[in-house]
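*Asks:* take this sequence and fold it.
(one chain, ligands or ions: 1)
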Amino acid sequence: MTRLIEVNGREDILPKYRNTPIGLLLEYQNLNKTFSAYEKPRMLIGMCMDNRKNLWVPDNFAYIIRSGGANLFYHEFQVSYAIGVGGVQHIALIGHTNCEMVQLEERKDKFINGLAINAGWEKDTAQMHSKTFRLFLKLAMRWIF
Ligand SMILES: [Zn+2]
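*Replies:* Down below sits the predicted model:
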């Protein structure tokens with residue numbers, strides 16, 4: 001069961017997240033909280049690379065890893081770095097609606113043609129690349145969800 005909670009006021013933030021970096025993230029992003037100054041990161045945020053999405057957080061507040069579908073596969077070292085060296089103890093993984101990283105099969109031709117036109121790839125190479133990474137993402141998404 002998926003349950004989303006709309007955050008329109010500080011009282012909407014679950015008590016266990018208030019006064020934590022997760023609560024601050026929600027306050028910055030949803031409630032337009034005035035930015036504070038940070039000397040070190042308070043958390044790690046994983047989110048999709050989608051150009052339609054952005055974050056409203058102060059400088060130095062968080063490490064941010066952006067990848068297709070907010071998938072952190074192959075970002076294990078960066079996650080470990082944020083925890084081990086950066087000292088973060090909170091991680092938020094942000095998903096969104098209408099993510100273009102799902103149902104990649106539908107955009108296969110656009111992907112292949114785009115690589116050929118925009119990057120000069122041979123179509124065979126682009127097809128192989130598309131097939132390999134669509135399979136990878138499909139497996140990764142199954143593992144996560
Ligand atoms: Zn997305």
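
*Asks:* pLDDT (mean, whole number) over stretch 104-124?
*Replies:* Stretch 104-124 comes out with an average pLDDT of 91.

*Asks:* so which bits of it are buried?
*Replies:* By 16 or more other Cβ atoms under 10 Å, the buried positions in stretch 104-124 come out as 104, 111-112, 115-116, 121. Heads up, the C-betas are built off the backbone N, CA and C, glycines and all.

*Asks:* tell me the secondary structure at the residue positioned nearest the centre of the chain.
*Replies:* Nearest residue to the geometric centre of the chain (Cα atoms, centre = their mean): Met47, 1.0 Å. Secondary structure state of Met47, per DSSP: H, G, I helix; E, B strand; the rest coil, is strand.

*Asks:* closest to the ion among the buried residues of stretch 104-124?
*Replies:* For the buried residues of stretch 104-124, the closest approach to the ion (Cβ to the ion) belongs to Leu104, at 11.2 Å.

*Asks:* beta partners for the residue nearest to the centre of the chain?
*Replies:* For Met47, the beta-bridge partners under DSSP bridges are Arg66, Ile94.

*Asks:* ok, now which ones touch it?
*Replies:* 53, 55, 64-66, 70, 93-94, 96 (Cβ atoms under 8 Å, 6 or more residues apart in numbering).

*Asks:* ok, and the most crowded of those residues?
*Replies:* In terms of neighbour count, Ala70 stands highest of these at 22 neighbours, by other Cβ atoms under 10 Å.

*Asks:* how far away is that one from Tyr17?
*Replies:* For Ala70, the distance to Tyr17 (Cβ to Cβ, to the nearest Å) stands at 19 Å.

*Asks:* what do you get for Phe35?
*Replies:* Distance check for Phe35 against Tyr17: by Cβ to Cβ, it reads 19 Å.

*Asks:* likewise for Ile112?
*Replies:* Using Cβ to Cβ, Ile112 is found at 43 Å from Tyr17.

*Asks:* ok, back up a step: more neighbours: which of Phe35 and Tyr17?
*Replies:* Tyr17 (16 against 12).

*Asks:* fine, thanks again, bye for now.
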